[in-house]
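Novice: here are the coordinates; sequence isn't available:
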């Protein structure tokens with residue numbers, strides 16, 4: 001495809017239904033056709049020239065459907081709004097986000113109730129300990145095959161790739177990060193101590209999700225964090241190096257690497273495997 005319009009080869013091949021067209025080319029063309037009337041007209045002309053039988057069939061079907069469509073009521077505004085919101089969050093994500101908020105609140109109350117936890121204390125803050133993995137649970141729920149009843153339809157549309165994954169991830173972070181900010185402020189934890197691990201874990205989940213699926217990547221990372229960091233920390237009551245200020249550059253590097261992998265493998269999120 002050129003910068004402005006699809007190539008003649010791609011238009012003609014798509015009109016004929018050629019099976020040798022690359023998948024990414026087909027998806028890119030379909031996404032381009034949504035916004036380019038010129039290419040839609042070229043495609044229509046190509047179909048008319050190369051597949052007259054298809055044109056005749058479409059005309060027959062349209063002649064039968066047009067009167068029915070004219071009599072069909074317009075979709076209510078509330079339903080249209082719900083369809084737009086589904087690109088940001090799925091209905092099944094709401095209970096997961098409620099659970100994440102509840103865990104954050106419980107961790108905050110536990111920190112405030114423990115007089116040994118606070119600024120200058122050597123004991124670990126539960127808000128700080130849970131902050132890296134809480135957004136990951138919401139991200140997994142927003143892009144999970146088993147939790148999204150419309151996942152097949154979602155994954156089949158031209159714009160169901162990285163843009164949709166990032167949109168739903170941002171929606172989760174917009175809800176979770178403010179709650180963590182309040183918890184960190186109330187317990188005296190600096191923003192960098194929880195924000196960098198939070199974003200690094202989220203980007204790593206998406207990076208691994210392009211290989212093994214977002215849900216599997218999230219569960220694996222949560223299990224590793226619980227085993228390697230959370231359990232020993234709760235046993236000793238001391239803040240681990242991973243959550244101390246000296247470890248923040250490492251989290252920054254992990255965040256940058258995760259973002260780089262996501263960008264490099266952006267095409268991997270356009271297949272059903274990303275829902276695993």
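Specialist: Nice, thanks for sending it over. Being a predicted model, the structure only gives us computed values, none of them experimental. Numbers count the residues shown, from 1 in each chain.
Novice: mind checking how far residue 214 is from residue 173?
Specialist: Here residue 214 is placed at a distance of 15 Å from residue 173 (Cβ to Cβ, to the nearest Å). Glycine gets a C-beta too; all of them are placed from N, C-alpha and C.
Novice: who has more neighbours, these two?
Specialist: Neighbour totals were compared for residue 214 and residue 173, and residue 214 leads with 28 against 17 (other Cβ atoms under 10 Å).
Novice: you'd agree the more buried one is up against residue 139?
Specialist: Yes: here residue 214 lies in contact with residue 139, judged by Cβ atoms under 8 Å, at a distance of 6.7 Å.
Novice: any common contacting residues for the two?
Specialist: 205, 206 (Cβ atoms under 8 Å, 6 or more residues apart in numbering).
Novice: Helices of the stretch 151-276 of the chain, start to end?
Specialist: Using DSSP state H, counting those that start in this stretch, the helices of the stretch 151-276 of the chain run over residues 151-156, 162-187, 191-212, 214-225, 231-236, 248-264.
Novice: Point out the most buried one among these.
Specialist: Among those, ranked by average contacts under mean count of other Cβ atoms under 10 Å, first place goes to helix 191-212 (a mean of 21).
Novice: how about TSV for the helices of the stretch 151-276 of the chain, with mean pLDDT added?
Specialist: Shown next, in TSV, are the helices of the stretch 151-276 of the chain (pLDDT from 0 to 100):
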stretch	mean pLDDT
helix 151-156	60
helix 162-187	79
helix 191-212	84
helix 214-225	86
helix 231-236	83
helix 248-264	89
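Novice: Of all these, which one is nearest residue 125?
Specialist: Checking those against residue 125 by Cβ to Cβ gives helix 162-187 as the closest, at 5.0 Å.
Novice: could you check the angle helix 248-264 makes with that closest one?
Specialist: In terms of direction (axes from the mean of the first three to the mean of the last three Cα atoms, to 10 degrees), helix 162-187 departs from helix 248-264 by 160 degrees.
Novice: Now for residue 112, how many residues are close by?
Specialist: Residues near residue 112, counting by other Cβ under 10 Å, number 14.
Novice: so who does it touch?
Specialist: By Cβ under 8 Å, 6+ apart, the neighbours of residue 112 are 186, 187.
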